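K.L.:
3D model of this:
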Amino acid sequence: MLIAQMTDIHIGFEPEARPEELNRQRFRAVLERLVKQPNPIDLLLLTGDITDRGDRESFEKTAELVADLPFPVKVLVGNHDTREELLNAFPTTETDADGFVQSAWVAEGLLVVLLDTLELGRHGGAFCEKRRDWLKGVLAEHPDLPVVIFMHHPPAISGIEWMDPHPDDKWLANFAEAVAGNEARIEALHCGHLHRQFNARFQGIPVCVTPSVAPLVSMDLRPISSKTPDARALITTEPPTYALHRWDGTAFVSHYERVCDWDVLAYYGPQLQPMIRHMEEEKGKG
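P.N.:
Coordinates of the predicted model:
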């Protein structure tokens with residue numbers, strides 16, 4: 001099974017840009033690459049901040065771009081989105097009994113969980129008691145299955161201070177309580193929000209952040225002060241990125257590809273067949 005992930009698209013950041021805003025151009029380029037790349041996709045997940053302002057027009061533009069993809073699309077809500085307009089544009093999106101945009105299903109022996117970490121008006125994450133209890137229940141229903149969780153906000157400290165949660169944020173404690181006792185079977189927490197790739201751990205669980213489709217956050221780990229603008233770079237035009245998550249029934253592996261122009265330096269022809277054959281023959285003999 002192959003799950004593609006794109007995150008932080010931010011359609012509508014420049015709604016008046018002509019002929020087309022930069023974020024829409026970047027999203028279109030990643031979608032085109034995803035369709036043309038050689039690996040068959042089973043599902044595309046858009047893991048939040050699909051829009052920049054949560055408005056209907058931006059959501060409708062996004063839905064239009066993904067409408068004809070040859071694989072299903074599921075969406076998560078981010079802090080720049082609104083649940084109402086997301087559900088209007090993607091009406092088949094599942095919600096829980098309390099209206100949070102979260103769901104879970106089993107595919108090929110893997111429990112896949114989508115979480116809602118939005119609190120309207122808040123930039124950082126949220127995970128209230130209702131969401132905590134919902135996740136506890138989902139994990140309890142499938143006690144013997146490996147799990148992968150997708151959520152917008154990473155529950156980890158990256159060192160990019162202005163984007164990070166505070167270690168004492170209540171939502172982190174609620175999330176820790178929800179996963180307690182299940183850490184060993186959770187393959188990974190796959191997130192967005194930071195606009196930059198990083199890997200960390202939360203309660204021993206791998207946290208993996210996919211870089212944004214929209215422009216990336218600069219990798220600057222110095223302390224930052226809201227009182228002293230220091231002219232540092234904050235946002236860059238590094239290439240948009242998507243992730244491919246592969247589940248083979250026993251292992252969950254993630255790959256990341258930047259979408260930009262590049263040249264192919266080698267094609268698999270007769271001249272490289274001896275190398276491939278040698279590598280194939282030596283497997284299991286090391």
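K.L.:
Quick one: the helices in the stretch 1-150 of the chain, in order.
P.N.:
Along the stretch 1-150 of the chain, counting by DSSP state H, counting those that start in this stretch, helices occupy 22-36, 56-66, 83-89, 129-141.
K.L.:
Give the buried residues for the last one.
P.N.:
Along helix 129-141, these residues count as buried under the neighbour rule (16 or more other Cβ atoms under 10 Å): Arg131, Arg132, Trp134, Leu135, Lys136, Val138, Leu139. Every C-beta, even on glycine, is put in place using the N, C-alpha and C of the backbone.
K.L.:
and Ser103, what does it touch?
P.N.:
Neighbouring residues of Ser103 by Cβ atoms under 8 Å, 6 or more residues apart in numbering: Glu94, Thr95, Asp96, Val113, Leu114.
K.L.:
What pLDDT is listed against it?
P.N.:
As predicted, Ser103 sits at a pLDDT of 98.
K.L.:
State the distance from it to Leu139.
P.N.:
Per Cβ to Cβ, to the nearest Å, Ser103 is found 14 Å from Leu139.
K.L.:
got it, and Asp98?
P.N.:
17 Å.
K.L.:
Make a markdown table from the helices of the stretch 1-150 of the chain and add mean pLDDT to it.
P.N.:
Putting the helices of the stretch 1-150 of the chain into a markdown table (pLDDT from 0 to 100) gives the following:
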| stretch | mean pLDDT |
| --- | --- |
| helix 22-36 | 97 |
| helix 56-66 | 96 |
| helix 83-89 | 98 |
| helix 129-141 | 98 |
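K.L.:
quick one, helices of the stretch 151-286 of the chain?
P.N.:
170-179, 273-282.
K.L.:
tell me, which of the ones you listed is the model least confident about?
P.N.:
helix 273-282 (a mean of 91).
K.L.:
any idea how far that one is from the chain center?
P.N.:
In terms of Cα atoms, centre = their mean, to the nearest Å, the centre of helix 273-282 is found 35 Å from the chain centre.
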